[in-house]
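Novice: Below are the sequence and a predicted model; questions follow.
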Amino acid sequence: MPSTFTNNGGIELPADGEKDGVWGDVVNLNMQIVDRLTNGVGAVSLTGTTHDLITANGTLSGDGQYALVVFGGAPSGTNTVTIVPNDAEKVYFIRNATAQSVIMSQGSGGNVTIPAGAGAIVYANGAGTGAAVADLTATFVPDLSNAGITASAAELNILDGVTASTAELNILDGVTASTAELNHVDGVTSAIQTQINAKQATVTGAATTIVTNNLTTSRVLVSDGSGKVAVSGVTAAELNHVDGVTSPIQTQINAKQATITGAATTITSDDLAVSRALVSDASGKVAVSAVTAAELAVLDGITASTAELNLLDGVTASTAELNLLDGVTATTAEINYLSGVTSAIQDQIDNIPAPPELTQVQVEDDTSTVFGQVSGQRLGQAVAAFQIDGGNIAADTVDGSSLVDLSVPVAKLETGTSLETAWVGAQTAGLSIRAVGSYAFAERTTTGTNSFGSTIAGSLLRATDITGTNGTSLSLGTWRCMGQTGGSGTLWLRIS
């Protein structure tokens with residue numbers, strides 16, 4: 001007949017004649033199971049939300065054989081622990097060391113919930129599918145109220161950590177002092193009575209005059225005729241006047257001049273006329289002058305020397321007349337060109353006769369006879385032909401009359417050439433700066449571009465160099481661009 005097993009602990013019960021030669025193994029295993037059932041502590045790690053607490057027959061593989069079960073791990077929520085099998089009666093000491101509640105269940109009957117961090121003694125009745133689990137904790141843990149204890153758990157916890165003996169605690173028996181009164185001993189370093197007995201019973205000496213009434217406020221204290229503390233007539237404010245004194249006051253006073261002498265004697269009694277410059281008078285005393293402070297302030301900021309200021313001596317021009325020089329860029333030498341002018345310069349320039357204009361000139365052959373037209377105020381008529389005559393141009397009139405001397409000086413007219421290059425160069429080189437026909441390397445003083453052949457007023461140009469260093473304004477006339485510029489320097493020709 002095969003072995004059977006106890007219903008609640010799974011202990012093997014060998015039948016008669018069974019386990020021949022292996023009884024020792026069976027007994028040893030059963031003893032281990034009994035040890036677990038009575039004193040064993042099992043650590044069970046929970047995961048998820050369910051777990052089976054199994055008691056297996058004849059084996060140590062299950063975790064339901066322990067008397068005390070400690071649940072640990074990290075369940076994802078409230079974990080339902082089912083006691084298996086459902087027909088075994090079990091008593092467990094449970095400790096829930098997880099962060100979730102644990103529900104102990106065996107069948108469809110009642111369950112027991114053990115909060116996180118709490119413990120309980122539970123009983124499973126093994127009633128099969130309808131089995132129930134009950135909480136026996138209250139049954140086995142004594143009710144302190146039956147012992148007359150009315151203190152709450154929080155009140156009982158006050159004793160946690162108390163090291164005083166019963167006799168030491170009993171010192172408080174009969175104390176009527178309040179907490180505030182007891183706190184007056186805070187900071188006492190030795191026996192209070194001993195310290196009191198060591199103090200003087202009554203005040204003596206100089207202080208006897210100040211033990212009953214308050215003193216007059218804010219007075220300097222002195223010793224009176226009896227050597228007692230007393231107030232003086234000197235106030236605290238008066239005493240403060242000696243603050244900062246570094247040597248005997250009377251000595252310092254005696255060292256001061258008794259009366260004012262010297263130049264200051266004229267200003268010791270009356271105030272001076274207001275806002276005047278001060279001078280020394282004929283007696284060497286301080287005196288006021290007729291110069292007001294406002295007039296004196298005119299000199300504020302003047303950096304000119306005496307010699308430079310004296311340049312104004314004898315000037316009769318008005319401010320408006322002096323301002324005519326404001327903005328003038330011409331040099332002294334250029335302004336001196338006005339010397340001897342007797343009338344308006346522009347009018348004189350406009351009345352100068354225009355020179356003869358030579359147009360449509362063509363050389364026919366080596367005889368120096370050319371054809372074309374000559375016009376101008378000096379000729380006054382059209383001509384059919386002209387030729388060189390002793391260095392001057394002579395021309396035939398349209399009606400074929402004799403040559404007319406135009407008195408236009410030339411060096412030479414040769415076949416296929418214009419006026420001699422050397423002569424033209426000499427005339428150009430003799431031009432003064434900014435003169436009509438002169439050239440200048442300059443840049444615009446305003447934003448914009450100029451293309452080859454465009455014109456601009458000289459007042460919008462200034463001399464420059466290829467590095468962009470600015471110079472004098474061209475200022476006069478109209479100039480033609482002989483290059484290309486978008487703001488940098490280029491070559492310009494004055495045309496009017």
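Specialist: Done, it's in.
Novice: Does Gly72 lie in a helix or a strand, and which?
Specialist: strand 68-73 (DSSP states H and E).
Novice: Show me what that strand is packed up against.
Specialist: Under the contact criterion of 3 or more Cβ pairs under 8 Å, 6 or more residues apart in numbering; DSSP states H and E, strand 68-73 touches strand 41-46, strand 90-96. Yep, even glycine has a C-beta here, placed from its N, CA and C like the rest.
Novice: what about Asp52, distance to Ala97?
Specialist: As judged by Cβ to Cβ, to the nearest Å, Asp52 and Ala97 stand 19 Å apart.
Novice: Who has more neighbours out of the two?
Specialist: Ala97 (16 against 12; other Cβ atoms under 10 Å).
Novice: one step back: quick check: mean pLDDT of the strand holding Gly72?
Specialist: For strand 68-73, mean pLDDT rounds to 96.
Novice: Can you report how many residues lie near Asp135?
Specialist: Asp135, neighbours per other Cβ under 10 Å, totals 17.
Novice: residues in contact with Ala440?
Specialist: Counting by Cβ atoms under 8 Å, 6 or more residues apart in numbering, Ala440 touches 433-434, 461, 463, 474, 479, 491-492, 494.
Novice: Distance of Thr139 relative to Ala120?
Specialist: According to Cβ to Cβ, Thr139 and Ala120 sit 11 Å apart.
Novice: Which residue of the two possesses the greater neighbour count?
Specialist: Using other Cβ under 10 Å as the criterion, Thr139 and Ala120 rank with Ala120 on top: 21 against 9.
Novice: Quick check: which element contains that one?
Specialist: For Ala120, the host element (DSSP H and E) is strand 119-124.
Novice: what is the orientation angle of that strand with strand 90-96?
Specialist: Here the directions of strand 119-124 and strand 90-96 differ by 150 degrees (axes from the mean of the first three to the mean of the last three Cα atoms, to 10 degrees).
Novice: buried residues in strand 119-124?
Specialist: Buried residues in strand 119-124, defined by neighbour count with 16 or more other Cβ atoms under 10 Å: 120-124.
Novice: same check, this time on stretch 477-496
Specialist: Counting neighbours by 16+ other Cβ under 10 Å, stretch 477-496 gives 479-481, 485, 489-490, 492, 494 as buried.
Novice: Put together TSV for the residues you listed, with distance to Tyr66 and pLDDT on each row.
Specialist: TSV is the format used below for the buried residues of stretch 477-496 (distance: Cβ to Cβ, whole Å; pLDDT from 0 to 100):
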residue	distance to Tyr66	pLDDT
Trp479	115	89
Arg480	117	93
Cys481	111	90
Thr485	105	75
Gly489	106	84
Thr490	108	87
Trp492	113	84
Arg494	120	92
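Novice: follow-up on the earlier one: mind checking the helices and strands packed on strand 68-73 for the one nearest to Ala442?
Specialist: Ala442 lies closest, by Cβ to Cβ, to one member of these: strand 41-46, at 97.2 Å.
Novice: who does that closest one pair up with?
Specialist: Strand 41-46 sits in its sheet next to strand 68-73 (parallel), going by DSSP bridges.
Novice: can I have the partner strand written out in PDB, keeping just the CAs?
Specialist: Presented in PDB, the C-alpha positions along strand 68-73 are these (Å, rounded to 0.1, in the frame of the first residue of the first chain):
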ATOM      1  CA  LEU A  68       6.000  33.000   9.400                       C
ATOM      2  CA  VAL A  69       5.800  34.300   5.800                       C
ATOM      3  CA  VAL A  70       7.500  37.700   5.000                       C
ATOM      4  CA  PHE A  71       6.200  39.100   1.700                       C
ATOM      5  CA  GLY A  72       8.700  41.300  -0.100                       C
ATOM      6  CA  GLY A  73       9.400  42.200  -3.800                       C
END
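Novice: in this protein, which helix or strand is least confident?
Specialist: None of the helices or strands of the chain scores lower by mean pLDDT, DSSP states H and E than strand 369-375, at a mean of 39.
Novice: Could you list the low-pLDDT ranges of the stretch 1-150 of the chain?
Specialist: Applying pLDDT under 70 to the stretch 1-150 of the chain flags residues 1, 7-10, 20, 142-147.
Novice: for it, what spans make up the strands?
Specialist: For the stretch 1-150 of the chain, the strands defined by DSSP state E, counting those that start in this stretch cover 4-5, 12-13, 41-46, 50-54, 68-73, 79-84, 90-96, 102-105, 112-114, 119-124, 133-135.
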